[in-house]
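In: have a look at this fold, sequence not included:
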């Protein structure tokens, strides 16, 4: 016989509603509580039948609550949880949102998350008290605690196993645009983001142009502990060497010609938050030394000033080239390189994960439909074939531009399907040329070999791990690689 249970979800450090109220859960059912960060990995016990799922809406009352894509992703995650909890009889637990008081902010969050009801902690208290009274009429009803008294924070409900403790404190509501798909390459990226976001470690993102490096940086900030603090971007390609120091550290009036006023630099503006240094491979050697000094000492001085200021920032840098190669060529400081790459994230080119392209394109179609308030479009089978064969030198950015153009043309003709002719001509002709000069069977074979080889590289050369990830036997993997 299954045990009757109630599940509650909250942000890092939160507790179940009854524990927060200082109450004992009724013995008629078991109460489980898990942080939202464990949502994707948590599995219910087989002998438990969940009546309700309570979601702490206060965990979403942040800037992220205004991000419709993030909230939609959270809604999908909660729906997936409910699917896990469907009983053998087909009964779905009731999804309920709770907070201290009802107001319009939480009502909007509740609607976005798709909860079925919105209750307050007082109402939960009343329900629990009623249950306790029904179970033990002679027992004294536990009174609501004085709100001015601190509530104990200790809670150990058995959920936090050794494996769960290793999981990140903040859940990332994937997909992030451009990181959709099921390829091994992109799953490695998502896994690294999940682990790195809650930390303050420096991160180096390496990937070709248009692969989504800034999106990854934004995600690392948004779902980290500094999410409510500033996020600043410094683009090394857009700053002249003469002004770089001023951009980073600021200047005082009169420090140089046209310095008419004091100016704050990126470090000061990003204090307690995140500083994203884009295209750091373009940073001149003389500026590398100044950046390294600021990172090591966590202090800086404005241009023209002797005053030293302390700063607390998380550094995320990006590069289109491997900095190791620049280090070996003597164009990039080795000590700065190691300071930046405490954690490194390699974004694969789109051609290295072709199997993800239809999924990414579908996500872009939904976004275009929503932004333009137009009917949702679909890609024709011939169109999917074309975008799978194209090389995509501009990666995610180029794919997005192609999808936007195709949507515009299809909507202008009031069609619900995107045709090959809606794609940019460069894509059409390039695909047609490749298709005419190489048989489809050979193209599929070559792609398979490239994909397997790339997977092996992602696993540090381990063919055993790559074979396991790809669902192949080791013998099959060797045979496919050897047929090159």
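Out: Received the coordinates, thanks. Worth saying up front: this structure is predicted, and the values here are computed from it rather than measured.
In: give me the element residue 292 is part of.
Out: In the assignment (DSSP states H and E), residue 292 maps to helix 285-297.
In: and for residue 315?
Out: According to DSSP H and E, residue 315 maps onto strand 314-319.
In: which other helices and strands does that strand contact?
Out: Judged by 3 or more Cβ pairs under 8 Å, 6 or more residues apart in numbering; DSSP states H and E, strand 314-319 is in contact with strand 203-206, helix 213-222, strand 274-278. From N, CA and C alone the C-beta is placed, and that goes for glycine too.
In: who wins for proximity to residue 309 among those?
Out: strand 274-278 (14.3 Å; Cβ to Cβ).
In: strands paired with that closest one, and their directions?
Out: Here strand 274-278 is paired, per DSSP bridges, with strand 231-235 (parallel), strand 314-319 (parallel).
In: any idea which of those strands is most buried?
Out: Stretch with highest mean neighbour count among the strands paired with strand 274-278: strand 314-319 (a mean of 26; mean count of other Cβ atoms under 10 Å).
In: picking up where we left off before, Throw the helices and strands packed on strand 314-319 into a markdown table and include mean neighbour count, mean pLDDT and distance to residue 362, thanks.
Out: Below are these laid out as a markdown table (neighbours: other Cβ atoms under 10 Å; pLDDT from 0 to 100; distance: least, Cβ to Cβ, whole Å):
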| stretch | mean neighbour count | mean pLDDT | distance to residue 362 |
| --- | --- | --- | --- |
| strand 203-206 | 24 | 95 | 25 |
| helix 213-222 | 22 | 90 | 17 |
| strand 274-278 | 23 | 95 | 28 |
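In: select, out of those, the one closest to residue 130.
Out: helix 213-222 (40.5 Å).
In: list the helices and strands the closest one packs on?
Out: Partner elements for helix 213-222 (3+ Cβ pairs under 8 Å, 6+ apart): helix 184-196, strand 203-206, strand 231-235, strand 274-278, strand 314-319.
In: and if we set it to 7 Å?
Out: Counting contacts by 3 or more Cβ pairs under 7 Å, 6 or more residues apart in numbering; DSSP states H and E, helix 213-222 packs against helix 184-196, strand 203-206, strand 274-278, strand 314-319.
In: can you redo the ones you listed as TSV with distance to residue 126?
Out: What follows is those, written out as TSV (distance: least, Cβ to Cβ, whole Å):
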stretch	distance to residue 126
helix 184-196	38
strand 203-206	47
strand 274-278	43
strand 314-319	44
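In: of all these, which one is nearest residue 243?
Out: For residue 243, the closest of those is strand 274-278, at 14.8 Å, according to Cβ to Cβ.
In: this protein - how does it break down into domains?
Out: For the chain, automatic domain parsing gives the domain ranges 3-165, 184-346, 350-437, 440-482.
In: got JSON lines for those domains, with distance to residue 176 too?
Out: JSON lines is the format used below for the domains of the chain (distance: least, Cβ to Cβ, whole Å):
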{"stretch": "domain 3-165", "distance to residue 176": "8"}
{"stretch": "domain 184-346", "distance to residue 176": "5"}
{"stretch": "domain 350-437", "distance to residue 176": "10"}
{"stretch": "domain 440-482", "distance to residue 176": "19"}
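In: can you tell me which of these has the worst average pLDDT?
Out: Mean pLDDT per stretch puts domain 3-165 lowest among the domains of the chain, at a mean of 68.
In: re the thing from before, closest one to residue 480 among the helices and strands packed on strand 314-319?
Out: When the helices and strands packed on strand 314-319 are compared by Cβ to Cβ, strand 203-206 sits nearest residue 480, at 27.7 Å.
In: partner strands of the closest one and their direction?
Out: Paired neighbours of strand 203-206 in the sheet (DSSP bridges): strand 314-319 (parallel), strand 343-346 (parallel).
In: the first one: what's the following helix or strand?
Out: Reading on from strand 314-319 to the C-terminus, the next helix or strand found by DSSP H and E is helix 323-328.
In: ok, residues contacting that following helix?
Out: Residues from elsewhere that reach helix 323-328 (Cβ atoms under 7 Å, 6 or more residues apart in numbering): 281, 332, 334, 337.
In: isn't there a strand covering residue 54?
Out: Yes - assessed with DSSP: H, G, I helix; E, B strand; the rest coil, residue 54 lies in a strand.
In: was I right about residue 403 contacting residue 364?
Out: Yes - Residue 403 is in contact with residue 364 according to Cβ atoms under 7 Å; the separation is 4.4 Å.
In: now the phi/psi pair for residue 248, please.
Out: Dihedral pair for residue 248: phi -80, psi -50, per degrees, to the nearest 10.
In: next, the contact list for residue 6, please.
Out: By Cβ under 7 Å, 6+ apart, residue 6 lies in contact with 29, 31, 50-52, 54.
In: repeat for residue 332
Out: Residues in contact with residue 332 (Cβ under 7 Å, 6+ apart) are 281, 288, 323, 326.
In: if I look at it, how far off is residue 130?
Out: Residue 332 sits 67 Å away from residue 130, taking Cβ to Cβ, to the nearest Å as the criterion.
In: show me what the helix or strand harbouring residue 370 is packed up against.
Out: Element membership for residue 370 (DSSP H and E) is helix 357-372. Contacts defined by 3+ Cβ pairs under 7 Å, 6+ apart place helix 357-372 against helix 381-389, helix 395-412.
In: ok, residues contacting the last one?
Out: Surrounding helix 395-412, the residues in contact under the criterion Cβ under 7 Å, 6+ apart are 178, 208-212, 349-350, 360-361, 364-365, 368, 374, 377, 392, 417-418, 422-424, 427.
In: what angle do that helix and helix 213-222 make?
Out: With axes from the mean of the first three to the mean of the last three Cα atoms, to 10 degrees applied, the angle from helix 395-412 to helix 213-222 works out at 100 degrees.
In: in its sheet, what does the helix or strand just after helix 395-412 sit against?
Out: Following helix 395-412 in sequence order, the next helix or strand is strand 417-418 (DSSP H and E). Paired neighbours of strand 417-418 in the sheet (DSSP bridges): strand 378-379 (parallel).
In: run a quick neighbour tally on residue 191.
Out: Look at residue 191: counted by other Cβ atoms under 10 Å, it has 12 neighbours.
In: start the count at 41 instead of 1 going forward.
Out: All right, first residue 41 from here; so that's residue 231.
In: wait, residue 117 touches residue 79, no?
Out: Yes - in this structure residue 117 lies within contact range of residue 79 using Cβ under 7 Å: 5.8 Å.
In: would you confirm that residue 43 contacts residue 90?
Out: No - in this structure, residue 43 is not within contact of residue 90 by Cβ under 7 Å, at 9.7 Å.
In: looking at these two, which is more packed in?
Out: Neighbours per residue (other Cβ under 10 Å) separate residue 43 from residue 90, with residue 90 holding more: 25 against 11.
In: name the helix or strand for that one, please.
Out: For residue 90, the element it lies in under DSSP H and E is strand 88-96.
In: following element in sequence after that strand, please.
Out: Tracing the chain C-terminally past strand 88-96 and defining elements by DSSP H and E, one meets helix 108-124 next.
In: nice, that's everything, thank you.
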